[in-house]
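1. the following comprises the amino acid sequence and a computationally predicted model.
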Number of protein chains: 2
Amino acid sequence: MVRQLTPARAGLWRHVSRMANDNLGPYFALLYEVGIINQIGTAFLEARLPSDLLVSHFGVVSHLIRVCDGATPIELARAFQVAKTTMTHTLAGLEKHGFVEMRPNPGDKRSKQVWLTPAGQQFRDEALAKLAPLFEALEDRFSSRRVAAMLPDLAEFRSVVDRLRDEMK
Amino acid sequence: MVRQLTPARAGLWRHVSRMANDNLGPYFALLYEVGIINQIGTAFLEARLPSDLLVSHFGVVSHLIRVCDGATPIELARAFQVAKTTMTHTLAGLEKHGFVEMRPNPGDKRSKQVWLTPAGQQFRDEALAKLAPLFEALEDRFSSRRVAAMLPDLAEFRSVVDRLRDEMK
DNA sequence: TCCAACTAGTACGATGTCGAACTATATAAC
DNA sequence: GTTATATAGTTCGACATCGTACTAGTTGGA
């Protein structure tokens, strides 16, 4: 999962972000930073997962543990904002590994429920354990307190963009 | 390019971000916000591009205009942090549209140079024009000044993670 | 000079994600 | 109750991205 090309880390938005002369610059710059952080974060996690498992698999298992076990595939698709066909694919992978179990939804015969298995629990625990030293190293260079301080503005911006997206659909 | 599923906008990291009880929370929460913003930003732009063109095409053209016309494919691949095979594919698309022109690199017979055509210029101008009203709407709800204020911390975090990534490779 | 190691670019196959189309079930309107 | 519409999930085909493997050309050290 590690990229063939190592240097630079530019990303989609760097270039555009230099357009200046108007007020678009900061928005593009934000998207630039955000794109890279997302990319690196995903790559970090994925490099510490079994080779045939992706961040999406980790995410689903985490969701079942933390938010609600027995969620339906469509709920999961919405939670992760992916197409439902993509969730079908992801769940098939998890089922093949024995990390989740699909059961019929007693309240709706069209639907199913996704339940975590002990193996799925273990998968998530191990992934988190492998991630720990990484976050310790991070803490030394950019404290979680500083990150926490950035969160409110970032969340508000996200929320604004999210609503704007729906309105402009 | 508009998603089949509209609601929620959760994303990869929400779930994990609630693990609490330790200092990992803020990091995961940041990755969650960042993932969504990136996703929405890309979808916004892509929805305003001709249907068979992606943000990557827009990015390459912007790069040629703003950073350096006549760049080599490998330079572009590094700049965007994608595999060189991906850049080959992207450039083929741009060439098919007549937006760029591939010429031999006079200094290295293995290599090529990518040059923008007038049509490529126009493509970028039109894309930016379509984007303008969107950013005006944004300005009303979350000013570019506020975004600019967020940038230094975000850029530093990005830089830290970027270096960490190389060290832990 | 010559050869080993490296680099630029492409071809190919694998895989993840998507939208469209479909089946089965649910819901709402009449 | 019947029928139209909406929803859950799958299958399928399209396509973007990736890694591997290859060719052609470059570079640096014996």
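-> Structure's in. What do you need? Residues are numbered from 1 along each chain as shown, chains lettered A, B, ... in the order given.

2. shaky segments in chain A?
-> Low-confidence segments of chain A, defined by pLDDT under 70: A:1-24, A:168-169.

3. so the helix or strand harbouring A:His57, near DNA strand C or not?
-> Following DSSP states H and E, the helix or strand that holds A:His57 is helix A:55-66. Yes. Using C-beta under 7 Å from any atom of the strand, helix A:55-66 reaches DNA strand C at A:Ser56. For every residue, glycine as well, the C-beta is placed using N, CA and C.

4. wait, does that helix make contact with chain B?
-> Yes. Contact of helix A:55-66 with chain B (C-beta under 8 Å from any C-beta of the partner chain) involves A:Val55, A:Ser56, A:Phe58, A:Gly59, A:Ser62, A:His63, A:Ile65, A:Arg66.

5. separation between the residue lying closest to A:Ala155 once chain neighbours are set aside and B:Met150?
-> In space, A:Ala155 comes closest to B:Glu33 once its chain neighbours are excluded; the distance is 5.6 Å by C-beta to C-beta, 6 or more residues apart in numbering or on different chains. Between B:Glu33 and B:Met150 the computed distance is 11 Å (C-beta to C-beta, to the nearest Å).

6. can I get stretch A:148-165 as PDB, trimmed to CA atoms?
-> Taking C-alpha atoms only, stretch A:148-165 is exported to PDB below (Å, rounded to 0.1, in the frame of the first residue of the first chain):
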ATOM      1  CA  ALA A 148      -8.200  19.400  19.800                       C
ATOM      2  CA  ALA A 149      -7.900  23.200  19.600                       C
ATOM      3  CA  MET A 150      -8.200  23.100  15.900                       C
ATOM      4  CA  LEU A 151     -11.200  20.900  15.800                       C
ATOM      5  CA  PRO A 152     -14.100  23.300  16.500                       C
ATOM      6  CA  ASP A 153     -13.300  25.500  13.500                       C
ATOM      7  CA  LEU A 154     -12.600  22.600  11.300                       C
ATOM      8  CA  ALA A 155     -15.900  20.900  12.300                       C
ATOM      9  CA  GLU A 156     -17.800  24.100  11.700                       C
ATOM     10  CA  PHE A 157     -16.300  24.500   8.300                       C
ATOM     11  CA  ARG A 158     -17.100  20.900   7.500                       C
ATOM     12  CA  SER A 159     -20.700  21.400   8.600                       C
ATOM     13  CA  VAL A 160     -21.000  24.600   6.500                       C
ATOM     14  CA  VAL A 161     -19.700  22.900   3.400                       C
ATOM     15  CA  ASP A 162     -21.800  19.900   4.000                       C
ATOM     16  CA  ARG A 163     -25.000  21.900   4.100                       C
ATOM     17  CA  LEU A 164     -23.900  24.000   1.100                       C
ATOM     18  CA  ARG A 165     -23.400  20.800  -0.800                       C
END
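
7. and that stretch, what's buried?
-> In terms of neighbour count (16 or more other C-beta atoms under 10 Å in any protein chain shown), stretch A:148-165 has its buried residues at A:Met150, A:Leu151, A:Asp153, A:Leu154, A:Ala155, A:Phe157, A:Arg158, A:Val161, A:Asp162, A:Leu164, A:Arg165.

8. likewise for stretch A:102-114?
-> A:Lys112, A:Gln113, A:Val114.

9. and stretch A:112-126, end to end?
-> Stretch A:112-126 has an end-to-end distance of 27 Å (C-alpha to C-alpha, to the nearest Å).

10. what does that stretch contact?
-> A:53, A:58, A:60-62, A:64-65, A:69-73, A:76, A:91, A:94, A:97-105 (C-beta atoms under 8 Å, 6 or more residues apart in numbering or on different chains).

11. repeat the analysis, applying 10 Å as the threshold.
-> A:48-50, A:53, A:57-58, A:60-66, A:68-76, A:87, A:91, A:94-95, A:97-107, B:16 (C-beta atoms under 10 Å, 6 or more residues apart in numbering or on different chains).

12. which of the residues you listed fall in strands?
-> A:Val100, A:Glu101, A:Met102, A:Arg103, A:Pro104 (DSSP state E).

13. what's the distance between the nearest residue in space to the last one that is not next to it in sequence and DNA strand D?
-> With C-beta to C-beta, 6+ apart as the criterion, A:Pro104 has its nearest non-adjacent residue at 6.2 Å, and that residue is A:Lys112. Between A:Lys112 and DNA strand D the distance, using C-beta to the nearest atom of the strand, to the nearest Å, works out to 4 Å.

14. measure A:Lys112 to A:Glu101 for me?
-> Counting by C-beta to C-beta, the gap from A:Lys112 to A:Glu101 is 10 Å.

15. what touches both of the two?
-> A:Gly70.

16. ok, which residues in chain A are in contact with DNA strand C?
-> So far as C-beta under 7 Å from any atom of the strand goes, chain A lies against DNA strand C at A:52, A:54, A:56, A:82-83, A:85-86, A:89-90, A:93, A:108-110.

17. out of the residues you listed, which is nearest to A:Leu138?
-> A:Leu54 (21.7 Å; C-beta to C-beta).

18. quick check: closest non-adjacent residue to that closest one.
-> A:Glu46 (6.1 Å).

19. tally of neighbours for the one you found?
-> Burial of A:Glu46, expressed as a neighbour count using other C-beta atoms under 10 Å in any protein chain shown, amounts to 17.

20. quick one: classify it as helix, strand or coil.
-> helix (DSSP: H, G, I helix; E, B strand; the rest coil).
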